[in-house]
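Chemist: Predicted structure and sequence below. I'll ask about it afterward.
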Amino acid sequence: MRRELFRVAIRLDLLVLLLIFGTVSAIFCPFSGFSQVAGPGSENPENLPGYSKKPSGPPRLPPKESTDPQVKAVLDQMVAAGVLHPKTLEQWRQAYLFYAKLAGTPEKVFRVENRAVPGPTGSIPIRLYSPHAAGDLPVWIFFHGGGFVTGSVDTHDTPLRAVANRCDCLVVSVAYRLAPENPYPAATNDAYAATKWVADHAAEIGGDPRRIAVGGDGAGGNLAAVVTLMAHDQGGPRLVYQVLIYPILNFVTGTRSWILDNDPIFTTDAMLATSSTYVTINTDLDLPYLSPVEAKSFQGLPAALIITDEDDPVRDEAERYADELKGAGVPVEMSRYPKMIHGFFLMAGALDAGKISIDQIAAALKQVFKGAN
């Protein structure tokens, strides 16, 4: 009972924030996101509408000092570049471009092809990474992170090249519509439409429709998990695996890892700010296609690799999702990286953990695809 009351309190806080953001947007600059609140004094987060009410519950600890020298160096670079704590939509998008600079040197792949596929309201851009000329390749469909408000096929170009080469699979990167210009369920609908198109046209693009997996980081991890639910509920396509990298799986941020978050990049306040542009005020936060941990059933879903880090605020919801899958008889590999920060998958040029996560993902996919023949 106590836990449920706490969940209600947290949910009310988020609804208040969504109402504030929605009202300001409607009055001053509809559909332009939280960038419209920037102005004199906006460098102070308490002057932003989305920060005007503190989450309830115990006071959160300040981000702790990292003990990993590589993480310290990355954070120092972010501070120097002025991208560590973005406050406006424009700053968020600029900061995410900086993360991609930490990805390392892009590997050569046999072919990179940009396409556009039909979506619910228009074309959806995708990028294909082919490791060689042969067809009938297994396929990994990837949805990029960025809090639903930023990110692109370009920001994730480097790690996806590496996965394509190591896994010997066709990687399809999907550029779904972003909030606040396109709030929920635009991204979800695009992700599912792109997945169905890839399955239906796999042979045309050199893929094997019997061996299709999905994956994503952060917001993209949410979309990957949601797509597996949609595919199960709506009769396809058949998916053999899901790779969720520090995924956002619950919009009710009432878990212990959210309240006591110590991640210097993705904080509870950052989640509230970005999610308030993605989720409209009348949206039920417990919808499984928004918060996959709230699914009524997890039976029949594809096996999963779930990656997070010990201080990530999404850690508990990711591990709860893993437990739900296991309880339904779904094989799960859960991997928690110590001393890391949210976004490390994108930072393989600066963080060894990023390199290791890419190798781990490629190896897991390769093993699953081999068994799916």
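Modeler: Nice, thanks for sending it over.
Chemist: Quick one: end-to-end length of stretch 134-150, please.
Modeler: Distance across stretch 134-150, first residue to last, is 34 Å (C-alpha to C-alpha, to the nearest Å).
Chemist: tell me the mean pLDDT over that stretch?
Modeler: Averaged across stretch 134-150, the pLDDT comes to 96.
Chemist: And for stretch 96-116?
Modeler: pLDDT averaged over stretch 96-116 gives 97.
Chemist: List the buried residues for it?
Modeler: Y96, F98, Y99, A100, K101, L102, A103, G104, E107, V109, V112 (16 or more other C-beta atoms under 10 Å). Using the backbone N, CA and C atoms, a C-beta is placed for each residue, glycine as well.
Chemist: what residues does it touch?
Modeler: The contact list for stretch 96-116, computed with C-beta atoms under 8 Å, 6 or more residues apart in numbering, reads 74, 77-78, 81, 83, 123-133, 146, 150-151, 153-159, 161-162, 164-165, 205, 343, 346-351, 354-355.
Chemist: Now find how far off-centre that stretch is within its chain.
Modeler: Relative to its chain's centre, stretch 96-116 lies at 17 Å (C-alpha atoms, centre = their mean, to the nearest Å).
Chemist: related to what we said a few turns ago, want to throw the buried residues of stretch 96-116 into CSV with secondary structure?
Modeler: Below are these laid out as CSV (DSSP: H, G, I helix; E, B strand; the rest coil):
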residue, secondary structure
Y96, helix
F98, helix
Y99, helix
A100, helix
K101, coil
L102, coil
A103, coil
G104, coil
E107, coil
V109, coil
V112, strand
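Chemist: Quickly check these for the two that are furthest apart.
Modeler: Using C-beta to C-beta, the two most remote members of the buried residues of stretch 96-116 are F98 and V109, lying 24.1 Å apart.
Chemist: Going along the chain, name the strands of the stretch 101-250 of the chain.
Modeler: With strands called from DSSP state E, counting those that start in this stretch, the stretch 101-250 of the chain shows them at 111-118, 123-130, 137-143, 170-174, 207-217, 241-245.
Chemist: meant to ask about the stretch 251-373 of the chain
Modeler: 303-309, 332-337.
Chemist: Around Y246, count how many other residues there are.
Modeler: 28 (other C-beta atoms under 10 Å).
Chemist: i'd like the first residue to be 22 from this point on
Modeler: Done: numbering now begins at 22, and the last item shifts to Y267.
Chemist: just to revisit the earlier point, of the buried residues of stretch 117-137, which is the nearest to G256?
Modeler: Scanning the buried residues of stretch 117-137 for proximity to G256, where the rule is C-beta to C-beta, the winner is V133, at 32.3 Å.
Chemist: Please tell me how far that closest one sits from R198.
Modeler: V133 is 22 Å from R198, where distance means C-beta to C-beta, to the nearest Å.
Chemist: Relative to A291, which of the strands of the stretch 122-271 of the chain is closest?
Modeler: Per C-beta to C-beta, nearest to A291 of the strands of the stretch 122-271 of the chain: strand 228-238, 15.2 Å.
Chemist: The closest one versus strand 191-195: what angle between them?
Modeler: 50 degrees (axes from the mean of the first three to the mean of the last three C-alpha atoms, to 10 degrees).
Chemist: for strand 228-238, what is the average pLDDT?
Modeler: Mean per-residue pLDDT for strand 228-238: 98.
Chemist: Tell me which strands it pairs with, and in which orientation.
Modeler: strand 158-164 (parallel), strand 262-266 (parallel) (DSSP bridges).
Chemist: can the strands of the stretch 122-271 of the chain go into CSV with extra columns for distance to Q388?
Modeler: Shown next, in CSV, are those (distance: least, C-beta to C-beta, whole Å):
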stretch, distance to Q388
strand 132-139, 25
strand 144-151, 20
strand 158-164, 11
strand 191-195, 17
strand 228-238, 11
strand 262-266, 9
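Chemist: Neighbours of R341, how many?
Modeler: 14.
Chemist: Might you report the residue contacts of it?
Modeler: With C-beta under 8 Å, 6+ apart, R341 has these contacts: L270, N271, T276, V314.
Chemist: How about I286?
Modeler: Taking C-beta under 8 Å, 6+ apart as the test, what I286 contacts is M99, L105, I362, H363, G364.
Chemist: try L260
Modeler: Contacts of L260 by C-beta under 8 Å, 6+ apart are T216, I233, A234, V235, V248, T249, A252, P323.
Chemist: any idea how far Y117 is from the third one?
Modeler: Same thing as A234. 25 Å.
Chemist: Which members of the contacts of stretch 117-137 are classed as buried?
Modeler: By 16+ other C-beta under 10 Å, those give 95, 99, 104, 145-152, 167, 171-172, 174, 176-180, 182-183, 185-186, 226, 364, 367-372, 375-376 as buried.
Chemist: ok so, going back, and which of the contacts of R341 is nearest to S297?
Modeler: Of the contacts of R341, the one sitting nearest to S297 (C-beta to C-beta) turns out to be N271, at 15.5 Å.
Chemist: pretty sure that closest one contacts A339?
Modeler: No - counting by C-beta atoms under 8 Å, N271 stays clear of A339, with 9.2 Å between them.
Chemist: Those two: who's more crowded?
Modeler: Between N271 and A339, A339 has the larger neighbour count (other C-beta under 10 Å), namely 28 against 24.
Chemist: check contacts around the more buried one.
Modeler: If you count contacts by C-beta under 8 Å, 6+ apart, A339 has them with G242, L265, Y267, P268, L270, I327, T329, D333, M355.
Chemist: Now do the contacts for the nearest residue to it once chain neighbours are set aside.
Modeler: Excluding its sequence neighbours, the residue lying closest to A339 (C-beta to C-beta, 6 or more residues apart in numbering) is T329, at 4.7 Å. T329 is in contact with I266, Y267, P268, V335, R336, A339, E340, S356, R357, Y358, counting by C-beta under 8 Å, 6+ apart.
Chemist: of these, buried ones?
Modeler: I266, Y267, P268, V335, R336, A339, E340, S356, Y358.
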